[in-house]
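>>> quick one, structure for this:
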Amino acid sequence: MSASSCTFEDRCVAVLCCRFCQQVLSSRGMKAVLLADTDIDLYSTDIPPSGTVDFIGSCYFTEICKCKLKNIACLKCQAVFGINRLDPSGVNVLLWGNLPDLEESTDEDMSCISEEEYIR
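Residues are numbered from 1 along each chain as shown. Here you go, the predicted structure:
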């Protein structure tokens, strides 16, 4: 990953289309970075698309994340193209502003961690 002097205000908003049928999925896409693999192209949107995509299949979890995940697909051609994090009910999309509080752990002594490291 290369360092960039680009600010948030300079970032472009993209129209996201299905690569299989060209259906417009969202007009509010922004390029994001997958920290686990920076070679993967990833896009995000701040508003879940309505009328163009829907959940498909069952909820699942990964080994490294305890989030409840579900695939999303284009309604026009049924192509699966992404995932969403869901709330504990498995019904509602989990937005950044609605993330649950972390459970407090007694395993680690948090008093010696700097404020900057704690925020990360």
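
>>> now do the strands in the chain.
Counting by DSSP state E, one finds strands in the chain at the ranges 14-17, 24-32, 42-45, 53-60, 68-74, 80-86.

>>> now for the third one, which elements pack on it?
Looking back up the chat, that one is strand 42-45. Contacts defined by 3 or more C-beta pairs under 8 Å, 6 or more residues apart in numbering; DSSP states H and E place strand 42-45 against strand 14-17, strand 24-32. Bear in mind the C-beta positions are built from the backbone N, C-alpha and C, glycine included.

>>> can you check the first one too?
For strand 14-17, the contact count by 3+ C-beta pairs under 8 Å, 6+ apart identifies strand 24-32, strand 42-45 as packing neighbours.

>>> closest to residue 75 out of the ones you listed?
strand 24-32 (9.2 Å; C-beta to C-beta).

>>> look up the residues forming beta bridges with residue 69.
Beta bridges link residue 69 to residue 60, residue 85, judged by DSSP bridges.

>>> check the gap between it and residue 87 for me.
12 Å (C-beta to C-beta, to the nearest Å).

>>> neighbours of the residue nearest to residue 17 when sequence neighbours are not counted, just the number please.
Sequence neighbours aside, residue 24 is the residue nearest to residue 17 in space, at 5.5 Å (criterion: C-beta to C-beta, 6 or more residues apart in numbering). Residue 24 has 12 neighbours, counted by other C-beta atoms under 10 Å.

>>> show me what contacts residue 24?
15-17, 52 (C-beta atoms under 8 Å, 6 or more residues apart in numbering).

>>> out of the residues you listed, which is most surrounded?
Result: residue 16 is most packed of those (other C-beta under 10 Å), 22 neighbours.

>>> contacting residues around the nearest residue to that one once chain neighbours are set aside?
In space, and not counting its chain neighbours, residue 16 is closest to residue 29: 3.9 Å by C-beta to C-beta, 6+ apart. Contacts were defined as C-beta under 8 Å, 6+ apart; by that measure residue 29 touches 13-16, 43-45.

>>> quick check: ChimeraX command selecting the buried ones in the residues you listed.
Burial among the contacts of residue 29 is assessed by 16 or more other C-beta atoms under 10 Å; the matching ChimeraX selection reads:
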select :16,45
